[in-house]
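Student: Here is the input, now give the coordinates:
(4 chains)
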Amino acid sequence: MIELGKYAGTVLAAYGVSVLLLAGIVWHSVAANARARNDLHRQEGRTNG
Amino acid sequence: MSIWEYANPVKFMRLSGAILPWVVVGAVLCTVGGVVWGFLTPLDYKQGATVKIVFLHVPAAMMAINIWVMMLVTSLIWLIRRHHVSALAAKAAAPVGAVMTLIALATGAIWGQPMWGSWWEWDPRLTSFLILFLFYVGYIALWSAIEDPDSAADLTGVLCLVGSVFALLSRYAVLFWNQGLHQGASLSVAPGERMSAVYRYPLYLSMLGFLLLFLALLLIRTRTEIRRRRLAALQAREIRG
Amino acid sequence: MVLALLKRDLALATRAGGGFGLAVAFFLILCALVPFGVGPDTGALRPIGPGILWVGALLACLLSLDRIFALDHEDGSMDLLATAPIPLEGVVAVKALAHWITSGLPLIVAAPVFGLLLHLPGAATPWLIASLLVGTPALSMLGAFGAAITVGLRRGGLLLSLLVLPLYIPTLIFGTEVVRRGAEGGDPATPMLFLAGITAGVIALVPFAAAAALRVNLR
Amino acid sequence: MSLLTVQDLAVARGGMRAVEGVTFSLAAGQALILRGPNGIGKTTLLRTIAGLQPPVQGRIAMPDDAVAYAAHADGLKTALTVTENLRFWAEIFGGGGLDAAMSAMDLRGLADRPAAALSAGQKRRLGLARLLVTGRKLWILDEPTVSLDTASVARFATAVRDHLAAGGAALMATHIDLGLDEVEVLDLTPRRAKPGVPTRPAGFNEAFA
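Tutor: Alright, predicted model coming up:
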């Protein structure tokens, strides 16, 4: 078991918040990229054919 | 052929598409490795488990500043050499920088709670990061407020330039205003004593991880912006016939 | 030529619909509201007086910023001003000066009175006036920069505050410090020097950035 | 003497070239009217020549401080009187001739009226009188006769004719025939920018198309 001592809550809170924020920006980046790629595909399909 | 050739959108898409998987793999390995390793480090004799927050706080704080510097450089490249990808890279980097600043602020505040006895202290460094966060927010808000992409790129570029000067100025003004309780150099725990290897290596790994993570996100987000711009351009051409 | 622009801006600000005096009225309301928030105690008001006065001046100055260029941009005057023999940097500087005269200067005149409301010690009053006199020109000039950036936007007002207020931080820090040291009998010379340095730098450099932003918004 | 020479000019709107390959020159005493369908870029071309936005390509040559630009908006301050409005622009441009300008645009009777109390046509006339007091040789006018009645259009035509006779020149976009003698017409339709990737993109929309 990992030893956290009396500051367990503090450390877990810091890790929790950071992981949440990082996950948020990663998800946002990936989702926006997928959406942009799809939109562009559809538009290029229309323009070229 | 000069290095500027890579600023061409098509070439950028090809190159970034090729290196992106490697950067992503490296980012995941180093970030997860560094952060988990940091989480598993032994307790510090003085700070207890709170020392583990360093592995998030320091890399995030480092990236918060570096990303702004990178935005300043890409803005200058746009303003001087008119490379469109450069302007888009600055736009793409800003939200990542804001999140990094937020992580540095949150972990700093959480770390300070048991140390200082309150969730927020107007410590000069924390305050400087709060100000930096305000600059990020203003920059992002300006990008999203202007419809014409050329004007948006120019105006945010000018704002980034002026903002950089004032962010730096604020840093010194804040030092004057409050001398602070923050730890000195980030890489030493006790004053005058270097951080021991037990903490140093996971910290280096974590810093590398955050850097690669930023690079990966930057590439993804810049690609998103390029696709959006291309979509808008195609639509504009369709309308005009 | 430059004087004509200054004269016109002052005339426009002081005539009906110009909003002259609004800044001072806003400043007064702010200073009157603070005691309701923190209590009428001298002991509570005295230490926060310098800060309230400076923050109040800063917010009051913010009120009229969006008018610096927006009206001229809407009615086409900006197009003609841009082709005039005055460089755009000069136009920015003159308009910032007009803004300072119509909203900064009245604040400085009114500040000692409002200082009384907040129990500011008499010894600090000269320093309050001096710090505002030295600091507020920078506020007007930075405000002109923000106004130049947001001039083409339909709802630029809120964004303008968001962009400009962080730029005000160094001026606010040193300005308040001058008054606080004046009130506590310390040496206000050092922060005063920094304050003057910031204002000088801002007046020398920011017109170029603001003119660049205006040029972008003209096309 | 040529007041304005434009060579192979390309201008951009919304990040895309609108018209390209525009070449003409304008001598003292000449007027040139731009024609073309809506949205082709007449306004953009005029603003570029007036120096309000950079050209994408090409050369614009004119003497220093020669140009006065007037568009749909009159640039009037409603809180100021007619005289004050005019005097301001005269001082800004270092010009003069307030009286002559007021007579030419039939504004004498309105001299002390605040601009807020003028009708749309009167405002437009004041906006054009503004051009007279700048003392500039080259007028660039974008739809100068919008909201003018027939009598005012005639008065405006007279003012332009006097300006040309005094050695000035005018470049304008208008649909109305002003009955000027020394006038040439440039149709922009064949100058519409062709799609394709240029060597130097005009803006984001071209860089990514």
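Student: what are the phi and psi angles of residue 11?
Tutor: Since you didn't name a chain, this refers to chain A. Taking degrees, to the nearest 10, you get phi -60, psi -40 for the backbone angles of residue A:11.
Student: wrong one, chain D
Tutor: For residue D:11, the backbone dihedrals (degrees, to the nearest 10) come out as phi -120, psi 160.
Student: Figure out the helix or strand that the residue nearest to it when sequence neighbours are not counted lives in.
Tutor: In space, and not counting its chain neighbours, residue D:11 is closest to residue D:48: 4.4 Å by C-beta to C-beta, 6 or more residues apart in numbering or on different chains. For glycine as for every other residue, the C-beta is placed from the backbone atoms N, C-alpha and C. Under the criterion DSSP states H and E, the helix or strand holding residue D:48 is helix D:42-49.
Student: cool, and residue A:13?
Tutor: Assigned by DSSP H and E, residue A:13 falls in helix A:8-48.
Student: That helix near chain D at all?
Tutor: No. Residues of helix A:8-48 are not located near chain D by C-beta under 8 Å from any C-beta of the partner chain, the shortest gap being 10.0 Å.
Student: And that helix, what does it pack against?
Tutor: With contacts defined as 3 or more C-beta pairs under 8 Å, 6 or more residues apart in numbering or on different chains; DSSP states H and E, the packing partners of helix A:8-48 are helix B:9-40, helix B:54-81, helix B:84-116, helix B:197-240.
Student: Just the buried positions in the shortest one, please.
Tutor: Under the neighbour-count criterion of 16 or more other C-beta atoms under 10 Å in any protein chain shown, helix B:54-81 has B:54-68, B:70-72, B:74-79 buried.
Student: Any part of that helix near chain A?
Tutor: Yes. Applying C-beta under 8 Å from any C-beta, one finds helix B:54-81 touching chain A at B:56-57, B:60.
Student: Does residue C:62 belong to a helix, a strand or coil?
Tutor: Following DSSP: H, G, I helix; E, B strand; the rest coil, we place residue C:62 in the helix state.
Student: Is it correct that it is in contact with residue C:143?
Tutor: Yes. With contacts counted by C-beta atoms under 8 Å, residue C:62 reaches residue C:143, the gap being 6.9 Å.
Student: now the angle between helix B:54-81 and the helix or strand harbouring residue C:205, please.
Tutor: Assigned by DSSP H and E, residue C:205 belongs to helix C:189-218. Between the direction of helix C:189-218 and that of helix B:54-81, the angle (axes from the mean of the first three to the mean of the last three C-alpha atoms, to 10 degrees) works out to 50 degrees.
Student: which strands and helices sit next to helix C:189-218?
Tutor: Under the contact criterion of 3+ C-beta pairs under 8 Å, 6+ apart, helix C:189-218 touches helix B:149-177, helix C:77-82, helix C:88-99, helix C:125-150, helix C:169-184.
Student: out of those helices, which comes closest to residue D:93?
Tutor: Ranking the helices and strands packed on helix C:189-218 by proximity to residue D:93 (C-beta to C-beta) places helix C:77-82 first, at 8.6 Å.
Student: Pull the distance from the closest one to the chain's centre.
Tutor: Averaged C-alpha coordinates place helix C:77-82 at 24 Å from its chain's average position (C-alpha atoms, centre = their mean, to the nearest Å).
Student: now for that helix, which elements pack on it?
Tutor: Using 3+ C-beta pairs under 8 Å, 6+ apart as the contact definition, the elements that helix C:77-82 packs against are helix C:67-74, helix C:88-99, helix C:189-218, strand D:67-70, helix D:82-93.
Student: As CSV, could you dump the C-alpha coordinates of that helix?
Tutor: Taking C-alpha atoms only, helix C:77-82 is exported to CSV below (Å, rounded to 0.1, in the frame of the first residue of the first chain):
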residue,chain,number,x,y,z
SER,C,77,-14.8,59.7,-39.0
MET,C,78,-12.0,57.2,-38.4
ASP,C,79,-11.7,56.6,-42.2
LEU,C,80,-11.1,60.2,-42.8
LEU,C,81,-8.9,60.6,-39.7
ALA,C,82,-6.7,57.8,-41.0
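Student: Let me see the residues that make contact with that helix.
Tutor: Helix C:77-82 is touched from outside by C:5, C:69, C:71-72, C:88, C:91, C:151, C:214-215, C:218, D:47, D:50-52, D:68-71, D:73, D:75, D:77, D:89, D:92, D:130, D:134, with contacts defined as C-beta atoms under 8 Å, 6 or more residues apart in numbering or on different chains.
Student: How about stretch B:220-232?
Tutor: If you take C-beta under 8 Å, 6+ apart as the criterion, stretch B:220-232 is touched by A:29-30, A:32-33, A:36-37, A:39-40, A:43, B:9, B:12-13, B:16-17, B:20, B:84-85, B:88-89, B:91-93, B:95-96, B:149, D:204-205, D:207-209.
Student: How much space separates residue A:11 from residue B:115?
Tutor: 13 Å (C-beta to C-beta, to the nearest Å).
Student: Between those two, tell me which one has more neighbours.
Tutor: Comparing residue A:11 with residue B:115 by other C-beta atoms under 10 Å in any protein chain shown, the one with more neighbours is residue A:11, at 24 against 14.
Student: Surely that one touches residue A:17?
Tutor: No. Taking contact to mean C-beta under 8 Å, the distance of 11.1 Å between residue A:11 and residue A:17 leaves them out of contact.
Student: residues near residue A:16, how many?
Tutor: 12.
Student: With residue D:109 instead?
Tutor: Around residue D:109 sit 9 other residues, with neighbours defined as other C-beta under 10 Å.
Student: And for residue B:197?
Tutor: Residues near residue B:197, counting by other C-beta under 10 Å: 8.
Student: ok, now residue C:113?
Tutor: The criterion is other C-beta under 10 Å. On that basis, residue C:113 has 12 neighbouring residues.
Student: tell me which element it falls in.
Tutor: helix C:105-117.
Student: Buried residues, that helix. List them.
Tutor: By 16+ other C-beta under 10 Å, the buried positions in helix C:105-117 come out as C:105-108, C:110-112, C:114-115, C:117.
Student: now do stretch A:14-30
Tutor: Neighbour-count burial for stretch A:14-30, counted by 16+ other C-beta under 10 Å, picks out A:14-15, A:17-18, A:21-22, A:25-26, A:28-29.
Student: How about stretch D:120-135?
Tutor: So, applying 16+ other C-beta under 10 Å, buried residues of stretch D:120-135: D:122-135.
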